[in-house]
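Asker: the following comprises the amino acid sequence and a computationally predicted model.
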Amino acid sequence: MATAPTTVEHAGLTWGPRALLRRLSSGDEIARLVTLVFALTTVLITVMIVEQLWVLSAESRRAFGFHFFVSQVWDPVFNQFGALPFIYGTLVTSALGMLIAVPLGLGAAIFLAELAPRRISDTLTFLIDLLAAVPSVIYGLLGVFILVPLMRTEIQPALKHTLGFLPLFQGPAYGIGFLTAGLVLAIMIVPFIISVSREVLLAVPREQREASLALGATRWEATWKAVVPYARTGIMGSIFLALARALGETMAVTMVVGNNPRISASLLGPGYSIASVLANEFSEATGTLYVSALVELGLVLFLLTFVINGLARLLILVTTQRGSGVAQG
Amino acid sequence: MTMRKFFGLLVLASLATVPVRAQNINAAGATFPYPIYSKWFDEYHKLHPNIQINYQSIGSGGGIAQVVAHTVDFGASDGPMTDDALKQAGFKILHFPTVLGAAVVTYNVPGVTADLKFTPEALAGIFLGKITKWNDPAITAANPGVKLSGDDIIVVHRSDGSGTTYIWTDYLSKVSDEWKTKVGKGNSINWPVGLGGKGSEGVTGLIKQTPGSLGYVELIYAIQNSLPSGLVKNSSGAFVKASLDSVSAAAAGAAASMPDDFRVSITDASGKTAYPISSFTWLLIPAQIQDAAKREAIKGFVNWMMADGQQYCEGLAYSKLPKEVVAKEKKAVAMIQ
């Protein structure tokens, strides 16, 4: 082990064919090159996707410019295209999903990692991992056949009855709409949050917990104040993985969201998301401007995930510094 | 010695392959006629083992794009190509009607078991969002004796781009000037009201679950799932229920005035038995095909499809081409060169 770094250093200094051969024969250089190529491939794929989206959306960008982002009209017959209702629908359904899934997932992960007996924890985790592997169309069907009737006959009338004074819960109860889509998304992404967060919590060093218990903390205080902050970065990671899935979810959302490009304050109203409209309209789109506008919607979705991912990184950076501060303090 | 053996084998091999040289033909397009097309291509392959037609049901838009780009030998579409699209293609593309489809009005009105009747004005009004209650005079007047409540009508339409939506909106454009100028026709449109369901199954699911809803699905789907279907008043004044025969009757009525390129809409057709929300679906075949063997294979298939092929229609719930149209198409096949 101790000799390996010196060989690499030595080889780095003498850059001759013999040295290269030696480095190759040691295997390290081959591994480095191969993994480098793999890493570059993913970057290249991303760049090529953006490039293609940019090129193919040229006609739509020229025709609508910035207006594309603020227009609410989506009319394939008269070639008028605006992305705002779709951006709104994507953000609202994802936000609703996260609002429900994050507390639920985090709570479940803490229970499984910290409080549950190991055997129960492992069994439950196995079942939760199975949930993560269910295809989204299944969630969509469950949504259509079980959640939608329940929403229409029970939940939405109850919401209107109790919280109906808020503009969020007004209008007719169709059963489908933003709220139902958010619920289905929440059910879909909760396994990701639980599964990853639990692993991260289990990886927290035992000393972290024991130290705070030794200082007189209760078991819950040790979990909430010492273990969870330590695992904060990993938990954030799981949440953003879940968010990425929510933003890009196509099938399950389109089956329960109502597919109506309108911006309404009511969560009971029907809406639309970017991924859904792409899935719905791309295959039968005729006319170059129409196709180009759909491609630009894809670009918008890409931008949206890009910005949200960037913000996530920033958040992780900030909280990690604070998190390590807590750990040190 | 080995060399001679090798050449001998080569000659034998080439001799053996000549008589069964496969003629591969690639096609792509509409999803609506896919079940009957795959049946036809399969049956034709059994009759002519050397001809293999591969069909990708990627949608009408894709079918048009691919035939224009020469990536397939022929395309298929639920809507005819527009004049602009034909001009942009840069070469002549012929339309051949294959079978007929129709859009059916289906609904969920609790307590009503009779088939409801709809006038064109009522349908346009409902889909424009102007008729919002089930007991609106426009609906009740056509349904004497049926007790309709004052519940809201919840409109359901297809959210995915679809030939069924094309037929439906083509019909509404013909019977309502307001629809024509405000909304128009297409595979996807800007709906004034309503909820969107993905696919026929999505629309049906929403309608079955939502009391007071009304929407449209393709005839095949309505027949296979025994959905309630409304009678629609046609331009001869008769209320007609959608069926394989009433759809063929609409096509027969339109045959007399059919243009030579077959690009014709038969919605709002006249005739006592004609169902007015019907349409052809077309094959898009280039007028000039360089490869002689391929050209003959495609012509052979189209001729067979119009004659023997039509017997498979009813089993798969497609309406047959009326004989007037077949006679006209036979002449057009000769134009492929």
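Answerer: Thanks, I have the structure now. Because the structure is predicted, anything quoted here is derived from the model rather than measured.

Asker: pull up the residues of chain B that are close to chain A.
Answerer: Contact residues (CB under 8 Å from any CB of the partner chain) of chain B with chain A: B:31, B:58-62, B:64-65, B:79, B:85, B:152, B:154, B:159-163, B:183-191, B:194-198, B:202, B:205-206, B:209-210. (C-beta placed from N, C-alpha, C; glycine too.)

Asker: among the residues you listed, which ones are in strands?
Answerer: Secondary structure defined by DSSP state E assigns B:154, B:195-197 of the residues of chain B next to chain A to strands.

Asker: would you list these in CSV and tack on neighbour count and pLDDT?
Answerer: Rendered in CSV, the data for those read as follows (neighbours: other CB atoms under 10 Å in any protein chain shown; pLDDT from 0 to 100):
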residue, neighbour count, pLDDT
B:Ile154, 21, 94
B:Leu195, 26, 93
B:Gly196, 28, 93
B:Gly197, 27, 91
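
Asker: nearest to A:Glu249, of those residues?
Answerer: Distances from those to A:Glu249 were compared by CB to CB; the smallest belongs to B:Gly196, at 16.7 Å.

Asker: in the chain, where is pLDDT below threshold?
Answerer: No chain in the question, so chain A it is. A:1-15, A:319-329 (pLDDT under 70).

Asker: switch to chain B, that's the one I care about
Answerer: Along chain B, the parts satisfying pLDDT under 70 run over B:1-21.

Asker: ok, and what's touching stretch A:145-153?
Answerer: Identification of contacts with stretch A:145-153 by CB atoms under 8 Å, 6 or more residues apart in numbering or on different chains yields A:173-176, A:179-180, A:183-184, A:256, B:205, B:209-210.

Asker: show me the helices in the stretch 51-200 of chain B, by range?
Answerer: Taking DSSP state H, counting those that start in this stretch as the criterion, the stretch 51-200 of chain B contains helices spanning B:60-68, B:83-89, B:120-128, B:137-140, B:163-175, B:177-182, B:199-209.

Asker: tell me what the shortest one is packed against?
Answerer: Read it as helix B:137-140. Applying 3 or more CB pairs under 8 Å, 6 or more residues apart in numbering or on different chains; DSSP states H and E, one finds that helix B:137-140 makes contact with helix B:120-128.

Asker: can I get stretch A:59-66 as PDB, trimmed to CA atoms?
Answerer: Coordinates of the C-alpha atoms in stretch A:59-66 are reproduced here as PDB (Å, rounded to 0.1, in the frame of the first residue of the first chain):
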ATOM      1  CA  GLU A  59     -38.400  27.800 -34.800                       C
ATOM      2  CA  SER A  60     -40.500  28.100 -31.600                       C
ATOM      3  CA  ARG A  61     -37.800  30.300 -29.900                       C
ATOM      4  CA  ARG A  62     -37.800  32.600 -32.900                       C
ATOM      5  CA  ALA A  63     -41.600  32.800 -33.100                       C
ATOM      6  CA  PHE A  64     -42.400  33.400 -29.500                       C
ATOM      7  CA  GLY A  65     -39.200  34.500 -27.800                       C
ATOM      8  CA  PHE A  66     -39.600  35.200 -24.100                       C
END
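
Asker: please enumerate residues in contact with it?
Answerer: Counting by CB under 8 Å, 6+ apart, the neighbours of stretch A:59-66 from elsewhere in the structure are A:68, A:71, A:81-82, A:288-289, A:292-293, A:295-296.

Asker: around chain B, pick out the residues from chain A.
Answerer: Checking chain A against chain B by CB under 8 Å from any CB, the hits are A:73-78, A:80, A:144-145, A:148-149, A:152, A:172, A:174-176, A:254-255, A:258-261, A:270, A:272, A:276, A:279-286, A:291.

Asker: rerun at 6 Å
Answerer: Residues of chain A lying near chain B by CB under 6 Å from any CB of the partner chain: A:75-77, A:144, A:149, A:254-255, A:258-260, A:270, A:280-281, A:283-286.

Asker: looking at those, which are in strands?
Answerer: Counting by DSSP E, the members of those that fall within strands are A:Asp75.

Asker: drop anything exposed from the contacts of stretch A:145-153.
Answerer: Listed as buried from the contacts of stretch A:145-153 are A:173-176, A:179-180, A:183-184, A:256, B:205, B:209-210; burial here means 16 or more other CB atoms under 10 Å in any protein chain shown.

Asker: which of those fall in helices?
Answerer: Among those, the members found in helices (DSSP state H) are A:179-180, A:183-184, A:256, B:205, B:209.

Asker: closest to B:Ala252 out of the residues you listed?
Answerer: Using CB to CB, B:Gly205 is the member of those that sits closest to B:Ala252, with 34.6 Å.

Asker: pretty sure the closest one sits against A:Leu141.
Answerer: No. Between B:Gly205 and A:Leu141 there is no contact, the gap being 8.8 Å when judged by CB atoms under 6 Å.

Asker: now B:Ser38, what are its backbone angles?
Answerer: In this entry, B:Ser38 is assigned phi and psi values of phi -70, psi -30 (degrees, to the nearest 10).

Asker: of the contacts of stretch A:59-66 - the most surrounded one?
Answerer: Each of the contacts of stretch A:59-66 was scored by neighbour count (other CB atoms under 10 Å in any protein chain shown); the top score is that of A:Ala293, with 26 neighbours.

Asker: roughly how far does that one sit from chain B?
Answerer: Distance, A:Ala293 to chain B, by CB to the nearest CB, to the nearest Å: 11 Å.

Asker: quick one: list the elements packing against the strand or helix carrying that residue.
Answerer: Secondary structure here is read from DSSP states H and E; on that basis A:Ala293 sits in helix A:288-328. Of the remaining helices and strands, those touching helix A:288-328 by 3 or more CB pairs under 6 Å, 6 or more residues apart in numbering or on different chains; DSSP states H and E are helix A:28-56, helix A:58-64, helix A:228-230, helix A:232-248.

Asker: would you mark the buried spots in the second one?
Answerer: When neighbours are counted by 16+ other CB under 10 Å, the buried residues of helix A:58-64 are found to be A:59-61, A:63-64.

Asker: same deal with the last one?
Answerer: Residues of helix A:232-248 classed as buried: A:232, A:234-248 (neighbour count, 16+ other CB under 10 Å).

Asker: what segments of the stretch 201-337 of chain B are strands?
Answerer: Listed in chain order, the strands of the stretch 201-337 of chain B (DSSP state E, counting those that start in this stretch) span residues B:213-218, B:231-233, B:239-240, B:278-286.

Asker: so can I have TSV of these showing mean neighbour count?
Answerer: Converted to TSV, these look like this (neighbours: other CB atoms under 10 Å in any protein chain shown):
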stretch	mean neighbour count
strand B:213-218	27
strand B:231-233	22
strand B:239-240	20
strand B:278-286	26
